[in-house]
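Asks: can you look at this prediction? I've put the sequence above it.
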Amino acid sequence: MAGTFGQSRRAVRGARVRSALDRLEAGRGENPHPAVADRFPMVIGSARGARVKDADGNRYIDMTSFFGVALAGHRNPAVMSAVRVAQGHLVSSMGDVHPDPGRAGLLQLLAGMMPAEGYRGVLSQNGADAVETALKFAAAATGRPGIVSFEGAYHGLSAGALEATWRPSFRKPFEAMLSGRAVFAPWPEPDGSNLELVLSTVERLASSPIINRFGADIGRPGALIVEPIQGRGGVRVPPPSFLSRLASICDRNGIVLITDEIYCGTWRTGTFLASEPEAVVPDIVCLGKALGGGFPISVAMMRPAVADAVLPDHGEAVHTSTFMGWPVSCAAAIATIAAIKRMEPQEAATRIERAVTAAARSWAGKFDFVRGVAGRGAMMGVSLAGTRGMSASEVTRKVVSEALSRGVLLLAEGSDSDVLALMPPLVIGDDDLGTALRIIGDSLAKVAE
Ligand SMILES: Cc1ncc(COP(=O)(O)O)c(C=O)c1O
């Protein structure tokens with residue numbers, strides 16, 4: 001379909017999209033999103049910057065960054081050219097035996113961006129891999145496998161990360177293989193109204209033995225893992241001082257503090273680390289998603305005392321994987337970091353936050369089911385309530401699919417899928433951002449009819 005990105009005319013499901021969906025139906029193993037006849041999902045054809053085309057050429061504005069990945073923009077030109085150079089000489093490596101300069105360069109670069117000297121990194125592919133690394137090293141450093149996590153937390157779905165992920169529906173089918181070594185504290189309200197209660201709960205959990213699912217006493221927790229801003233939990237920003245007071249609790253109890261900045265880090269909120277404003281020095285920082293500019297890479301950056309807890313055995317690494325530090329992804333990550341720095345991320349994130357907040361306030365004035373807006377920078381969420389006989393999650397799903405048919409890609413977040421997540425790439429232009437917000441407003445109005 002010709003025209004500008006973000007269209008007011010309904011996207012037409014054409015032959016290419018229909019044929020891809022039929023083939024997918026025949027071969028898919030993943031659980032599908034509930035399909036909305038003739039509308040959801042689309043089939044992605046190509047993407048550039050903050051713009052996406054489906055396989056039939058319909059045009060969309062991306063307000064998701066594809067799960068947060070395309071913060072630097074889809075196929076950022078500097079990233080793509082670094083990747084072309086890298087794949088011209090090396091496409092696999094033997095990271096933990098024979099390193100290569102790209103991997104070494106990336107680790108040195110990341111170490112220099114941490115809040116203190118001496119951090120060392122273990123690279124991996126997915127966010128969940130970095131969380132696995134963090135939890136394993138924390139247990140090795142303390143001898144205590146227990147974890148303090150939070151209600152609403154999302155740390156990935158691999159076996160170890162799932163122990164610390166809260167949402168019951170993610171855990172339930174796999175409950176039999178979870179050891180129950182995590183305990184969950186409530187998440188504080190943004191206005192700080194229950195902060196003291198939350199912190200006293202954390203303090204109690206931090207100093208109490210954990211009884212796991214098999215009734216075994218596994219001792220006091222060795223790790224506390226926290227997202228500085230919860231992403232998949234519904235874009236929930238904790239009140240000021242929360243992180244720094246968690247850090248003090250960890251200090252007092254000899255607990256490894258892990259900040260999971262896989263979603264909120266790498267400048268999504270304006271600063272490189274979302275924990276930066278509170279000046280904490282986490283024992284481990286996990287990064288992923290946007291780090292590789294679209295290429296899969298993640299890392300757990302650790303302070304030396306934690307990193308040194310895991311030593312090679314007979315010269316062999318005991319925590320490694322075949323594709324760890326994939327050279328192409330390392331090159332992409334180095335270029336992504338440079339590209340985002342050149343974008344003046346603080347200004348870009350603030351510009352997005354201002355525009356989204358203003359639009360969301362006007363929606364809240366018009367539609368009784370728009371409850372409010374929260375977030376920081378390019379990580380914003382608009383929470384919705386049930387209306388006209390629909391539950392909050394049905395309303396949210398309807399807005400997402402209305403917006404899609406009008407040319408805007410959105411995702412629902414929140415433990416009850418009742419938050420519209422607005423996570424555009426930093427490179428989104430003012431025109432596209434304005435168009436996307438207008439279309440979201442039209443989609444809310446459609447739901448209100
Ligand atoms: C905060 C956080 N941690 C970990 C993960 C897991 O990352 P991945 O899906 O790449 O395994 C996610 C994914 O959404 C996340 O938001």
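Replies: Arrived safely, thanks for sending. Because the structure is a prediction, the values reported are computed rather than measured.
Asks: kindly report the residues of the protein close to the ligand.
Replies: Contact residues (C-beta under 6 Å from any ligand atom) of the chain with the ligand: 126-128, 131, 154-156, 227, 231-232, 260, 262-263, 288. Placement of C-beta: from N, CA and C, glycine included.
Asks: ok, now which ones touch whichever residue of the chain sits closest to the ligand?
Replies: Sorted by distance to the ligand under C-beta to the nearest ligand atom, the residues of the chain start with residue 127, at 2.2 Å. Contact analysis of residue 127 by C-beta atoms under 8 Å, 6 or more residues apart in numbering lists 155-156, 260, 262-263, 286, 288-289, 298.
Asks: make it 6 Å
Replies: 156, 262, 288, 298 (C-beta atoms under 6 Å, 6 or more residues apart in numbering).
Asks: just the ones of the residues you listed in strands?
Replies: Counting by DSSP state E, these place residue 298 in strands.
Asks: could I get the contacts of residue 127 as CSV with pLDDT and neighbour count?
Replies: Formatted as CSV, the contacts of residue 127 follow (pLDDT from 0 to 100; neighbours: other C-beta atoms under 10 Å):
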residue, pLDDT, neighbour count
156, 98, 24
262, 98, 27
288, 98, 28
298, 98, 26
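Asks: which one among the contacts of residue 127 gets closest to residue 49?
Replies: residue 288 (21.5 Å; C-beta to C-beta).
Asks: might you report the residue contacts of that closest one?
Replies: Applying C-beta under 6 Å, 6+ apart, we find residue 288 in contact with 127, 130, 262, 298.
Asks: what's the answer for residue 392, then?
Replies: 384-386, 418.
Asks: which pLDDT does the model give it?
Replies: Per-residue pLDDT puts residue 392 at 97.
Asks: how near is the nearest residue to it once chain neighbours are set aside to residue 400?
Replies: Spatial nearest neighbour of residue 392, excluding adjacent residues (C-beta to C-beta, 6 or more residues apart in numbering): residue 418 at 3.7 Å. Residue 418 is 11 Å from residue 400, where distance means C-beta to C-beta, to the nearest Å.
Asks: residue 354: neighbour count?
Replies: 10 (other C-beta atoms under 10 Å).
Asks: confirm that it sits in a helix.
Replies: Yes - applying DSSP: H, G, I helix; E, B strand; the rest coil, one finds residue 354 inside a helix.
Asks: any idea how far it lies from residue 429?
Replies: Counting by C-beta to C-beta - residue 354 and residue 429 are separated by 15 Å.
Asks: over to residue 64?
Replies: 17 Å.
Asks: what does residue 223 give?
Replies: Per C-beta to C-beta, residue 223 is found 42 Å from residue 429.
Asks: just to revisit the earlier point, which ones among the contacts of residue 127 are found in helices?
Replies: Using DSSP state H, no member of the contacts of residue 127 falls in helices.
Asks: the closest residue in space to residue 376 that isn't next to it in sequence: neighbour count?
Replies: Nearest non-adjacent residue to residue 376, counting by C-beta to C-beta, 6+ apart: residue 269, 4.2 Å away. Residue 269 has 29 neighbouring residues, counting by other C-beta under 10 Å.
Asks: then residue 210?
Replies: By the criterion of other C-beta under 10 Å, residue 210 has 22 neighbours.
Asks: secondary structure element for residue 45?
Replies: strand 44-48 (DSSP states H and E).
Asks: check which helices and strands that strand sits against.
Replies: strand 51-54 (3 or more C-beta pairs under 6 Å, 6 or more residues apart in numbering; DSSP states H and E).
Asks: now do the strands in the stretch 301-449 of the chain.
Replies: Taking DSSP state E, counting those that start in this stretch as the test, the strands found in the stretch 301-449 of the chain are 370-376, 379-384, 408-409, 411-413, 419-422.
Asks: export the ones you listed as JSON lines, with columns for mean pLDDT and mean neighbour count.
Replies: Putting those into JSON lines (pLDDT from 0 to 100; neighbours: other C-beta under 10 Å) gives the following:
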{"stretch": "strand 370-376", "mean pLDDT": "98", "mean neighbour count": "21"}
{"stretch": "strand 379-384", "mean pLDDT": "98", "mean neighbour count": "28"}
{"stretch": "strand 408-409", "mean pLDDT": "97", "mean neighbour count": "27"}
{"stretch": "strand 411-413", "mean pLDDT": "97", "mean neighbour count": "21"}
{"stretch": "strand 419-422", "mean pLDDT": "98", "mean neighbour count": "28"}
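Asks: JSON lines for those, including distance to residue 82?
Replies: Formatted as JSON lines, the strands of the stretch 301-449 of the chain follow (distance: least, C-beta to C-beta, whole Å):
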{"stretch": "strand 370-376", "distance to residue 82": "29"}
{"stretch": "strand 379-384", "distance to residue 82": "26"}
{"stretch": "strand 408-409", "distance to residue 82": "26"}
{"stretch": "strand 411-413", "distance to residue 82": "28"}
{"stretch": "strand 419-422", "distance to residue 82": "29"}
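Asks: all good on my end, thank you.
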